[in-house]
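Engineer: Okay, here's the prediction I keep looking at, along with the sequence it came from:
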Amino acid sequence: ETGVTQSPTHLIKTRGQQVTLRCSSQSGHNTVSWYQQALGQGPQFIFQYYREEENGRGNFPPRFSGLQFPNYSSELNVNALELDDSALYLCASSSGGGDQPQHFGDGTRLSIL
Amino acid sequence: RKEVEQDPGPFNVPEGATVAFNCTYSNSASQSFFWYRQDCRKEPKLLMSVYSSGNEDGRFTAQLNRASQYISLLIRDSKLSDSATYLCVVKSTYKYIFGTGTRLKVLA
């Protein structure tokens, strides 16, 4: 069974740039969620995709957007990067229904200069 | 009030000690509950799901009290390798809400 994989591992950008982060869900999982984790904080929910549709969103501005593809992999796009966007971005997948827990990828560490 | 609240710690305990963490949540309609473990600069890893009837996995016991809206995690016979941050997670409809985590340091 293949776990959740994310790329890239690390990324450095400057303010105002745009970034795309990628996630492949665990095999058999059709739901992907994205989280932002700042240092010393718990992960904050950005949004969730189920069968290629966004079906939930946290308290993040529209410059955070995403996609899910037919194979259930996903992208997180962030436009107009700000210094506060520096964080660990985590992708998690689950089988979508009921009480299923999420399984996380290793994350992408994004630094904004 | 935060949706999920945890004592950030750190809890410093000697090897072999028993330690307990609590977590409270505000949404009474929450459906599912989990404990995750996160090592420094790594991704969260599922420790266990939490059920009203209580559940045990080796040295770890989790309990859910829906009436009081809290979740607990008990670790018995602490090992050095248990040192980590423990995250309480509450699922409400589609959303998984994380607490800020409780840091545990097990000392030799």
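Structural biologist: Sure, I can see it.
Engineer: quick one: terminal-to-terminal distance for stretch B:10-26?
Structural biologist: 23 Å (Cα to Cα, to the nearest Å).
Engineer: do the same with stretch B:89-102
Structural biologist: 12 Å.
Engineer: Give the buried residues for that stretch.
Structural biologist: B:89-92, B:94-102 (16 or more other Cβ atoms under 10 Å in any protein chain shown). Placement of C-beta: from N, CA and C, glycine included.
Engineer: I'd like those as a markdown table, with secondary structure and distance to chain A appended.
Structural biologist: Below are these laid out as a markdown table (DSSP: H, G, I helix; E, B strand; the rest coil; distance: Cβ to the nearest Cβ, whole Å):
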| residue | secondary structure | distance to chain A |
| --- | --- | --- |
| B:V89 | strand | 8 |
| B:V90 | strand | 11 |
| B:K91 | strand | 8 |
| B:S92 | strand | 10 |
| B:Y94 | coil | 4 |
| B:K95 | strand | 6 |
| B:Y96 | strand | 6 |
| B:I97 | strand | 7 |
| B:F98 | strand | 4 |
| B:G99 | coil | 5 |
| B:T100 | coil | 5 |
| B:G101 | coil | 5 |
| B:T102 | strand | 10 |
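Engineer: and the least confident of the residues you listed?
Structural biologist: pLDDT across the buried residues of stretch B:89-102 is at its lowest for B:Y94, which sits at 79.
Engineer: dump the residue contacts of that one.
Structural biologist: A:48, A:50, A:55-56 (Cβ atoms under 8 Å, 6 or more residues apart in numbering or on different chains).
Engineer: Please repeat the previous calculation with a cut-off of 7 Å.
Structural biologist: A:48, A:55-56 (Cβ atoms under 7 Å, 6 or more residues apart in numbering or on different chains).
Engineer: and chain A, which of its residues are near chain B?
Structural biologist: By Cβ under 7 Å from any Cβ of the partner chain, the residues of chain A that approach chain B are A:33, A:41-43, A:45, A:48, A:55-56, A:90, A:99, A:101-107.
Engineer: Mind picking the two most distant members of the buried residues of stretch B:89-102?
Structural biologist: Using Cβ to Cβ, those reach their maximum pairwise distance at B:Y94 and B:T102, which is 25.4 Å.
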